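Undergrad: Please work out how this folds:
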Amino acid sequence: MKHLPTLILSVSLAIIGAPHFASAQSSEEDSQKESRIQMWLNDQDKNQDGKVSPDEAIRQMKSNFNNLDRNQDGFIDRAELGQLADRLAGNRNRTEENRSQATSENRNNRQQNPAARSASDSVQLIENIAYADTNNPRQTLDLMLPKERKGEASPVVVFIHGGGWRNGDKERGRNRIEPFVASGDYAGVTVGYRLSGESKWPSQIHDCKAAIRWIRANAEKHNLNADRIGVWGTSAGGHLVSMLGTSGGVEAMDGSLGSNNQYSSRVTCVADFYGPTNFLTMNATAIKTARLDHDAADSPESLLIGGAIQENPDKVATADPITYVSADDPAFLIAHGTMDPTVSFNQSELLYAALEKKGVEKTFITIDGGEHGRGFPPKTTELVEAFFDHHLRGNQTSWSDQTIQAVAIERRR
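TA: Numbering: from 1, shown residues only. Presented below is the predicted three-dimensional model:
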């Protein structure tokens with residue numbers, strides 16, 4: 001059985017809220033930063049001495065421990081956590097600014113000339129690799145390689161971003177994948193795909209499967225383990241990784257993009273975070289504070305399909321992961337918040353039930369009170385690590401379905 005991952009620390013660091021005056025904004029940001037620091041200490045400081053040792057640190061901190069330990073005293077203390085929070089918040093702001101300023105011409109140039117650079121002291125990043133033999137900047141992936149490998153061929157963790165199939169970028173996955181790669185145990189890939197404003201279903205899954213085939217085709221070149229590929233996605237990305245898991249060998253979903261069609265697009269294991277699984281039922285099971293009318297013609301699901309979902313049930317069925325569940329599907333780790341206002345918690349219940357009926361290995365992590373990617377405690381990240389370590393590295397671990405209490409959710413003003 002498996003477990004579920006969730007929110008990564010860098011995402012938790014996002015500083016939100018927009019008070020009217022700079023002084024009020026600064027005060028609120030300081031308060032939010034302090035609450036995050038305390039949450040990390042509560043989660044990792046096992047002996048309650050006010051600092052984190054290498055043994056206490058989870059992988060996200062362990063893999064970069066020496067850099068975080070600025071005074072090199074062998075611990076990460078509150079002040080050093082504060083410096084980390086400031087750096088990550090600044091990186092996030094700069095990334096958003098850079099994204100808004102990037103032109104399509106610049107993206108095309110980067111795609112045509114993949115660049116290798118250092119993502120950290122431990123990770124080499126090769127950006128914008130075309131996986132479908134096209135010049136479309138959306139049909140590219142970023143490859144992250146460990147500078148020091150602990151094994152021979154590295155198993156691969158693949159991240160697919162969310163954004164309602166109409167927004168988002170593969171860069172969103174780097175912070176989630178980098179700790180795995182920095183450990184030396186894995187290589188990592190973040191995948192871009194065509195959004196619904198450019199191309200309708202099943203283009204998105206065709207892109208993702210072409211990316212998996214590219215990994216296998218280039219495994220020897222980059223010293224990757226082609227037999228050990230795990231996928232992880234959130235929201236729309238959770239939907240796409242679930243599709244990768246359940247539609248293995250389905251020709252209509254495989255597509256024929258690129259020059260690597262002799263390779264399989266099957267994956268070893270799937271970590272699905274709050275992804276839709278049965279579009280036609282999304283409104284019926286939504287909570288009272290739901291934000292979307294999923295049946296509307298302009299909903300993310302309808303825009304993906306190319307028409308109002310209730311008027312196109314046959315095409316919708318081709319996009320539902322539960323349509324394809326079979327006994328030979330890979331192991332699943334499912335994580336979802338009970339108070340998700342965007343994708344109802346029942347969507348994961350439906351997938352779990354379908355997997356159970358076919359005897360597929362699966363684990364359901366319930367975040368009690370969690371919302372759409374919000375309120376997920378750091379413990380969920382440890383579960384994701386154990387899930388991939390078990391299925392991709394052969395570290396024998398046992399676990400079961402479990403419920404984790406959500407952490408306090410900061411409200412936007």
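Undergrad: Could I get the full set of strands for this structure?
TA: Along the chain, counting by DSSP state E, strands occupy 51-52, 76-77, 115-118, 123-130, 140-146, 154-160, 187-191, 224-234, 269-273, 331-337, 362-368, 402-405.
Undergrad: Mind giving me the packing neighbours of the fifth one?
TA: Based on contacts counted as 3 or more Cβ pairs under 8 Å, 6 or more residues apart in numbering; DSSP states H and E, the elements that strand 140-146 packs against are strand 123-130, helix 174-182, strand 187-191. All C-beta atoms are positioned from the backbone trio N, CA, C, and that covers glycine.
Undergrad: follow-up on the earlier one: present the strands of the chain as CSV; the columns should include distance to residue 169.
TA: CSV is the format used below for these (distance: least, Cβ to Cβ, whole Å):
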stretch, distance to residue 169
strand 51-52, 31
strand 76-77, 30
strand 115-118, 16
strand 123-130, 11
strand 140-146, 10
strand 154-160, 11
strand 187-191, 9
strand 224-234, 13
strand 269-273, 17
strand 331-337, 22
strand 362-368, 25
strand 402-405, 29
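Undergrad: Dump the ones you listed to a markdown table, plus mean pLDDT.
TA: Formatted as a markdown table, the strands of the chain follow (pLDDT from 0 to 100):
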| stretch | mean pLDDT |
| --- | --- |
| strand 51-52 | 81 |
| strand 76-77 | 84 |
| strand 115-118 | 63 |
| strand 123-130 | 97 |
| strand 140-146 | 97 |
| strand 154-160 | 98 |
| strand 187-191 | 98 |
| strand 224-234 | 98 |
| strand 269-273 | 98 |
| strand 331-337 | 98 |
| strand 362-368 | 98 |
| strand 402-405 | 96 |
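Undergrad: now these in CSV, with mean neighbour count and distance to residue 180?
TA: Output for the strands of the chain, formatted as CSV (neighbours: other Cβ atoms under 10 Å; distance: least, Cβ to Cβ, whole Å):
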stretch, mean neighbour count, distance to residue 180
strand 51-52, 24, 19
strand 76-77, 22, 20
strand 115-118, 10, 17
strand 123-130, 19, 10
strand 140-146, 24, 9
strand 154-160, 27, 5
strand 187-191, 28, 6
strand 224-234, 24, 9
strand 269-273, 30, 12
strand 331-337, 27, 14
strand 362-368, 23, 18
strand 402-405, 14, 21
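Undergrad: State the number of residues packed around residue 325.
TA: Applying other Cβ atoms under 10 Å, we find 22 other residues in the vicinity of residue 325.
Undergrad: if I look at it, how far off is residue 130?
TA: 32 Å (Cβ to Cβ, to the nearest Å).
Undergrad: repeat for residue 136
TA: Separation of residue 136 from residue 130 (Cβ to Cβ) stands at 8 Å.
Undergrad: same deal with residue 188?
TA: 18 Å.
Undergrad: Then residue 58?
TA: For residue 58, the distance to residue 130 (Cβ to Cβ) stands at 35 Å.
Undergrad: Skip the chain neighbours and tell me the closest residue to residue 204.
TA: residue 193 (5.0 Å; Cβ to Cβ, 6 or more residues apart in numbering).
Undergrad: so that neighbour sits right up against residue 139, yeah?
TA: Yes. Between residue 193 and residue 139 there is a contact under Cβ atoms under 8 Å: 7.2 Å.
Undergrad: The two: which is more packed in?
TA: residue 193 (29 against 24).
Undergrad: And for the residue lying closest to residue 397 once chain neighbours are set aside, the neighbour number?
TA: Once flanking residues are discounted, residue 397 sits nearest to residue 390: 4.5 Å by Cβ to Cβ, 6+ apart. Other residues lying near residue 390 total 21 when counted by other Cβ under 10 Å.
Undergrad: What residues does the residue lying closest to residue 320 once chain neighbours are set aside make contact with?
TA: Excluding its sequence neighbours, the residue lying closest to residue 320 (Cβ to Cβ, 6+ apart) is residue 278, at 5.2 Å. Residues near residue 278 by Cβ atoms under 8 Å, 6 or more residues apart in numbering: 320, 322, 347, 350.
Undergrad: Just give me the closest of those to residue 81.
TA: Among these, residue 347 lies closest to residue 81 (Cβ to Cβ), at 35.1 Å.
Undergrad: I'd say the closest one and residue 272 touch.
TA: No. With contact defined as Cβ under 8 Å, residue 347 and residue 272 do not form a contacting pair (9.8 Å).
Undergrad: one step back: make CSV from the helices and strands packed on strand 140-146 and add distance to residue 266 to it.
TA: Output for these, formatted as CSV (distance: least, Cβ to Cβ, whole Å):
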stretch, distance to residue 266
strand 123-130, 21
helix 174-182, 20
strand 187-191, 15
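Undergrad: any idea how far residue 241 is from residue 52?
TA: From residue 241 over to residue 52 (counting by Cβ to Cβ), the distance is 31 Å.
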